[in-house]
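Engineer: Give me the fold of what follows.
(chains A and B)
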There are 2 protein chains.
Amino acid sequence: MAEKKLIQGVKGAREFYPAEMALRNYIYDKARQASELYGFLEWDGPFLETIDLYAAKSGDELVKEQAFVFADRGGDLITLRPELTPTLARMVAQKQNELSYPLRWWSFGPFWRYERPQRGRSREFFQWNVDMVGVNSPEADAELIAVAATFLRLSGLGPDKTSILVNNRKLMDQQFSDLGIEPEKRLAISNAVDRRTKMEPDKWDAYVLEIGLTAQQLSGLKAVLGNYDLWKSSEEMVRLMAALVSLGVSEYVKFDPNIMRGLLYYTGTVFEAFDTSGSVKRAIFGGGRYDNLLKEVGGDPLSGVGFAMGDVVVGLILREAGLVAAEDPAPAKVLVTIFNSETYPAAAASSALLRKAGINTLLSPEATKLQKQFKFADKAKVRFVVVQGPDEIAANVASVKDLQNATQVQVPLADLARHIAQGLDPIL
Amino acid sequence: MAEKKLIQGVKGAREFYPAEMALRNYIYDKARQASELYGFLEWDGPFLETIDLYAAKSGDELVKEQAFVFADRGGDLITLRPELTPTLARMVAQKQNELSYPLRWWSFGPFWRYERPQRGRSREFFQWNVDMVGVNSPEADAELIAVAATFLRLSGLGPDKTSILVNNRKLMDQQFSDLGIEPEKRLAISNAVDRRTKMEPDKWDAYVLEIGLTAQQLSGLKAVLGNYDLWKSSEEMVRLMAALVSLGVSEYVKFDPNIMRGLLYYTGTVFEAFDTSGSVKRAIFGGGRYDNLLKEVGGDPLSGVGFAMGDVVVGLILREAGLVAAEDPAPAKVLVTIFNSETYPAAAASSALLRKAGINTLLSPEATKLQKQFKFADKAKVRFVVVQGPDEIAANVASVKDLQNATQVQVPLADLARHIAQGLDPIL
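Structural biologist: Numbering: from 1, shown residues only, chains lettered A, B, ... in the order given. Sure, this is the predicted structure:
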């Protein structure tokens, strides 16, 4: 390697060589399949938004602490989108009276947050967003959870490996109220519950007492957080759980009173998914029911339910579970070689014939030594190599070498596409 | 509509409602199909790069005049990528000794340029990039042109509607040399040729004389630009044209001595495609052979050939040609209604059964009036509506209304998926 200094990329930015791209596409494809099975339409917002859009959202530390904000050439403050929900609200509000409800929309695209790069986190990331807007029912909530569960199933992540944990903000609020915890302390308590698994038990107790709970309230709170039957007292949760059974995804779902979700705007059902078998501890996806989505951007209030999944955590899990290969995918199943500089027209014509039949085909771009072309085929994991020397050309045939079975046959040109297509697909 | 003030989007940014998203996906799908038929692998770079990466590229007005540049929280100058080639160079250089050549890579993603928004131009755009790196032959150039032509064919844009115009920088340089045009004037002359169709003939003549050509050189230049047989004097062009015939795409291709390409770095074959039948005058895509791609970022020199196509111009052409609908696509072919609040479990179970069979299915999220649910189905362009009232549930059947043929039948639940799948696909 030369001693020259290479220009470096931006820290925390993502580089998708073909192997990484295949992983991103695997996630995108399964997200598409799951979304479309439930009748959601794909959409996308701008990747640039004004800072006003995020400032409108209450309790948002995202823009202040984590967003990439800059002045454009006209002097306006522009943000690289850190999340999609404000854009959803803005675009729905803009056509509020033309759209038909319930609106079922999904999206998969890039987002940026200025975070410290670490395992499961990067500054550029892709996120799958799914939302249903304009209807408020536990059955609608169940549908969103079913889309998410279907993604896990389609990706090969079974209920033995992953769980979706659900809770309800109203149910929890009722518990807080029953314990006499004042409304102004509830956000701090929610945040404390979110952090509980990351803290020593006694330190957590001290932390909660510091927020201002009495010893009795603390012990009552701990009892609530350990009560996995609590959902039975919530009509919404009972309907949600029944709907999940009807939708055939209940094997993925567990009630968990410890699921709070950091964001202020959730108002009912909340859920998060976790890998229960591997080494990745961060949530795979999370979401819930939100109200007043459009009010903050100037539209008329509409209730919605949605979730978001980043590509980084689920990518680590899929790799760890061996569900997506870490190597480059094969670019094609066949390479057409060039025997010598005179035979290019025949080789090119054969490649055209194969492509016309819908077969992805590599054609050597110059007449190098055949051995070198075979080596390339091997490295590219191509299965078939086509050779047409002057004899084959004169006889209107091609030699086809099957690198997988180490066999070689001569095939009339008229049968070449069929021969290779059959070799690709053993079901004749 | 409420009198409230809606928060606005960024000027020139793109909003993809489902209909616009369907157009973007149409382009992405055809780009994928064309790229993969020729054995290219998908990749992607970061959307953020350091300004140094673009500063390294000679003759680049892109960063100075058009790029979005900003300081990140660490103070480094960051750019929203205005083009992909510098990133390609950087990422190839980074793994130069691990990659196997020729490298065939394609990509489809967002780019940003601070341009005045106008028809066929926006500040955010998507671009398809295709490159072959590490081989230098007219046959490799032909392969790239074939990928581009295959995209046009797959998109429904035939050679009656679109043309790919090719030229060769070395051939033109030879002509300039034969006319005695000094090397230091050739860039200005190339740019003048690029502008010729947009100027009055006499104004163009004056402009060229101003650059410093003699009247004799001007008339010689005009003869060259009118000589459509000029390619026959270039061995590279002769081989390129022959290869395009062998690859089966020559019907799309014409030699045109007026094709120059603005960018300095092209060194051989250059090409651009145009709509020859509609109202859109801007190039659909453009590309060519470049040398020393990696040298500028600190790698060892490698030759390459590539092209790029933005989504905006081709999107206008596809819409104008009626090849992609302007309305929302249908989100599913079937809606399962909820007869009343008691029948949700049966409806949800039917939707699960259809989805398990791979059929995209909408399920009403609440038991509103049936008429309202039918109206939703109609607006969503759903073909089948499933109704299960108490009688149907008791008899283990479902009523299936075919909105297209205005027929209704009762189907045993065990046959529901097959009935609808057959209705979706008339080939039984």
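Engineer: Tell me the first helix or strand C-terminal of the helix or strand of chain A with the lowest mean pLDDT.
Structural biologist: Sorting the helices and strands of chain A by mean pLDDT, DSSP states H and E puts helix A:61 at the bottom, at a mean of 64. Heading C-terminal from helix A:61, the first helix or strand you meet, by DSSP states H and E, is strand A:68-71.
Engineer: May I see the buried residues of the helix or strand immediately after that next one in the chain?
Structural biologist: Following strand A:68-71 in sequence order, the next helix or strand is strand A:77-80 (DSSP H and E). Buried residues in strand A:77-80, counted by 16 or more other C-beta atoms under 10 Å in any protein chain shown: A:78-80. Every residue, glycine included, has its C-beta placed from N, CA and C.
Engineer: do the same with stretch A:84-102
Structural biologist: Quick answer for stretch A:84-102 (16+ other C-beta under 10 Å): A:84-94, A:96, A:99, A:102.
Engineer: Stretch A:317-330 too?
Structural biologist: Buried-residue list, stretch A:317-330, by 16+ other C-beta under 10 Å: A:317-318, A:321, A:324, A:328-329.
Engineer: One more: stretch A:356-366?
Structural biologist: A:359-365.
Engineer: Stretch A:216-235 too?
Structural biologist: Across stretch A:216-235, burial judged by 16+ other C-beta under 10 Å covers A:217-218, A:220-221, A:224-225, A:230-231, A:234.
Engineer: The buried residues of strand A:77-80: which ones sit near chain B?
Structural biologist: The subset of the buried residues of strand A:77-80 within reach of chain B, by C-beta under 8 Å from any C-beta of the partner chain, is A:78, A:80.
Engineer: Let me know the closest of the buried residues of strand A:77-80 to chain B.
Structural biologist: Of all the buried residues of strand A:77-80, residue A:78 has the smallest distance to chain B: 6.0 Å, by C-beta to the nearest C-beta.
Engineer: Would you mind splitting chain A into its domains for me?
Structural biologist: For chain A, automatic domain parsing gives the domain ranges A:18-43+A:88-320, A:334-424.
Engineer: Now find how far off-centre the shortest one is within its chain.
Structural biologist: Okay, so that is domain A:334-424. 38 Å (C-alpha atoms, centre = their mean, to the nearest Å).
Engineer: and the stretch 251-400 of chain A, which of its residues are near chain B?
Structural biologist: Going by C-beta under 8 Å from any C-beta, the residues of the stretch 251-400 of chain A near chain B are A:297-300, A:328-329, A:331-332, A:335, A:344-346, A:348-349, A:351-352, A:355-356, A:358-363, A:365-366, A:376, A:379-380.
Engineer: actually the stretch 101-250 of chain A, sorry about that
Structural biologist: Contact residues (C-beta under 8 Å from any C-beta) of the stretch 101-250 of chain A with chain B: A:102, A:104-105, A:110, A:112, A:114, A:123-124, A:132, A:135, A:137, A:139-140, A:142-143, A:150, A:242-243, A:245-248.
Engineer: repeat that with 7 Å
Structural biologist: A:102, A:104, A:110, A:114, A:124, A:132, A:135, A:137, A:139-140, A:143, A:243, A:246-248 (C-beta under 7 Å from any C-beta of the partner chain).
Engineer: any chance of the buried residues of strand A:77-80 in JSON lines, with pLDDT and distance to residue B:271 too?
Structural biologist: Listed next are those as JSON lines, based on pLDDT from 0 to 100; distance: C-beta to C-beta, whole Å:
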{"residue": "A:78", "pLDDT": "89", "distance to residue B:271": "35"}
{"residue": "A:79", "pLDDT": "91", "distance to residue B:271": "38"}
{"residue": "A:80", "pLDDT": "92", "distance to residue B:271": "34"}
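Engineer: List just the nearest of the buried residues of strand A:77-80 to residue A:265.
Structural biologist: residue A:79 (18.5 Å; C-beta to C-beta).
Engineer: Mind checking which of the residues of the stretch 101-250 of chain A next to chain B land in strands?
Structural biologist: A:104, A:110, A:124, A:132 (DSSP state E).
Engineer: per-residue pLDDT, the first one?
Structural biologist: On pLDDT, residue A:104 comes in at 98.
Engineer: quick one, what contacts it?
Structural biologist: A:39-41, A:132, B:331 (C-beta atoms under 7 Å, 6 or more residues apart in numbering or on different chains).
Engineer: all helices of the stretch 301-428 of chain A, in order?
Structural biologist: Taking DSSP state H, counting those that start in this stretch, the helices of the stretch 301-428 of chain A run over residues A:311-320, A:344-356, A:370-379, A:390-395, A:416-424.
Engineer: For residue A:123, which non-adjacent residue is closest in space?
Structural biologist: Counting by C-beta to C-beta, 6 or more residues apart in numbering or on different chains, residue A:123 lies nearest to residue A:12, which is 3.1 Å off, once chain neighbours are set aside.
Engineer: Next, give phi and psi for the one you found.
Structural biologist: With angles defined as degrees, to the nearest 10, residue A:12 sits at phi 80, psi 0.
Engineer: so what's the nearest residue to residue A:169 once chain neighbours are set aside bridging to?
Structural biologist: Leaving aside its sequence neighbours, residue A:169 sits nearest to residue A:266 (C-beta to C-beta, 6+ apart; 5.4 Å). When bridges are called by DSSP bridges, residue A:266 pairs up with residue A:290.
Engineer: if I look at residue A:266, how far off is chain B?
Structural biologist: Distance, residue A:266 to chain B, using C-beta to the nearest C-beta, to the nearest Å: 18 Å.
Engineer: Return the longest helix in chain A, judged by number of residues.
Structural biologist: helix A:18-37 (DSSP state H).
Engineer: Any chance you could list what contacts that helix?
Structural biologist: Residues outside helix A:18-37 that contact it (C-beta under 7 Å, 6+ apart): A:16, A:106, A:108, A:126, A:128, A:130, A:147, A:150-151, A:154-155, A:311, A:314-315, A:318-319, A:324, A:326-329, B:41-44, B:355, B:360-361.
Engineer: same question, stretch A:139-153
Structural biologist: Here stretch A:139-153 has contacts from A:30-31, A:34-35, A:37-38, A:102, A:130, A:132, A:162, A:164, A:166, A:239-240, A:243-244, A:247, A:249, A:252-253, A:268-269, A:271, A:273, A:285, A:287, A:289, A:305-307, B:344, B:363, B:365-366, using C-beta under 7 Å, 6+ apart.
Engineer: how far does that stretch sit from the chain's center?
Structural biologist: Using C-alpha atoms, centre = their mean, the offset of stretch A:139-153 from its chain centre is 14 Å.
Engineer: Only the buried residues of it, if you could.
Structural biologist: A:139-153.
Engineer: wait, which of those residues is closest to chain B?
Structural biologist: Proximity of those to chain B (C-beta to the nearest C-beta) peaks at residue A:140, which lies at 3.9 Å.
Engineer: The closest one and residue A:151, how far apart?
Structural biologist: To residue A:151, residue A:140 is 18 Å away according to C-beta to C-beta, to the nearest Å.
Engineer: Same question for residue A:402.
Structural biologist: Look at residue A:402 and residue A:151: by C-beta to C-beta, they are 37 Å apart.
Engineer: Residue A:67 now?
Structural biologist: 27 Å.
Engineer: again with residue A:355
Structural biologist: 33 Å.
Engineer: need the helices for the stretch 151-300 of chain A, in chain order.
Structural biologist: Going by DSSP H, counting those that start in this stretch, the stretch 151-300 of chain A shows helices at A:169-178, A:183-195, A:201-211, A:215-225, A:235-246.
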